[in-house]
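> Predicted model follows, preceded by the sequence.
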Amino acid sequence: MNTKKLRQKILDLAIHGKLVSQAPADEPASALLQRIRVEKERLIKEGKIKRSRKSTKTSDTPHYPQDVPFEVPEGWAWTTVNNISKSIIYGVSESAKSEGKYKLLRITDIQNNKVDWETVPFTDFDDDKVASYILYDGDIVFARTGATAGKSYLIKGLSQKAIYASYLIRVQTFDLILPEYVKLFFESGYYWEQIELTSVGIGQPNVNGTILGSLNIPLPPFAEQKRIVIEIDRWLSLLEQIEQGKANLQIAIKQTKSKILDLAIHGKLVP
């Protein structure tokens, strides 16, 4: 069984609205986006966030890509990463240290969608400016350059204050959006198609904040986002068990071959 292809198929079914059933009683995504627009305008007026260069003042007109890549179920809506994000910000250019006030998350600390926070280095940073770069559970960081450009990591299980390095971009979504759903979108085939079409640079691709914010994302109702995330977690847990079983089988085969060879060279394989 090719678990990688199956995983990709499950993710693609999820963002097409074909993994879980729709519920007519769910608040539609269009209403969700309207509430986000109102909240964004309030935060901008209060000076808590800045208006992005490409965003316009609150509009009742939902975003719809010029060329719709695929149809989404009733109750869903097309939008952009920028429209569901409080902020999309580059990290800091600080040196890693063995000691310091804050953990400094770097691209190299993210391996196989995991971070070993014990090995993440420290850094010092101006306390008056650090608030803009502090990481929180639910933040999503992206590699913006190099071989891993476009790959993302969902921050979770933070036990100490951490900031992120300059080769990462952080996306903070509004509370009305499940970051777990957004993260699974960032692993879908459609996301990577957009990255390949829009990334810049010769040789090694680069993904900047403008590109990231402009990406189209199919958005389900909030209640359906929850159902999708639960179902995805169930499937990925099963796939992980299968992969572990395959790994254990390979180990057993290798050990068996080694044992047979050992018996053979000692003349104990046949009577």
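Arrived safely, thanks for sending. Numbers count the residues shown, from 1 in each chain.
> what is the mean pLDDT for stretch 106-120?
Stretch 106-120 shows a mean pLDDT of 94.
> ok, which stretches of the stretch 101-250 of the chain are strands?
Listed in chain order, the strands of the stretch 101-250 of the chain (DSSP state E, counting those that start in this stretch) span 102-105, 110-111, 114-115, 122-123, 140-143, 152-154, 162-164, 168-173, 216-219.
> so residue 154 sits right up against residue 180, yeah?
Yes - if you go by Cβ atoms under 8 Å, residue 154 and residue 180 touch, sitting 6.8 Å apart. (Each C-beta comes from the backbone N, C-alpha and C, glycine too.)
> This protein: helices as residue ranges?
Ranges of helices in the chain, per DSSP state H, are 3-15, 29-45, 179-185, 189-198, 209-214, 222-265.
> Any regions of the stretch 101-250 of the chain where pLDDT drops low?
The stretch 101-250 of the chain contains residues with pLDDT under 70 at 200-204, 245-247, 249.
> hang on, the earlier thing: could you export the helices of the chain to CSV, including columns for distance to residue 148 and mean neighbour count?
What follows is the helices of the chain, written out as CSV (distance: least, Cβ to Cβ, whole Å; neighbours: other Cβ atoms under 10 Å):
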stretch, distance to residue 148, mean neighbour count
helix 3-15, 17, 17
helix 29-45, 30, 17
helix 179-185, 16, 22
helix 189-198, 12, 15
helix 209-214, 14, 19
helix 222-265, 20, 13
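> In TSV, list these along with distance to residue 99.
Formatted as TSV, the helices of the chain follow (distance: least, Cβ to Cβ, whole Å):
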stretch	distance to residue 99
helix 3-15	39
helix 29-45	36
helix 179-185	31
helix 189-198	37
helix 209-214	31
helix 222-265	36
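> just so I know, which of the ones you listed lies nearest residue 95?
Across the helices of the chain, the minimum distance to residue 95, taken as Cβ to Cβ, is reached by helix 209-214, at 23.0 Å.
> chain center to that closest one: distance?
In terms of Cα atoms, centre = their mean, to the nearest Å, the centre of helix 209-214 is found 14 Å from the chain centre.
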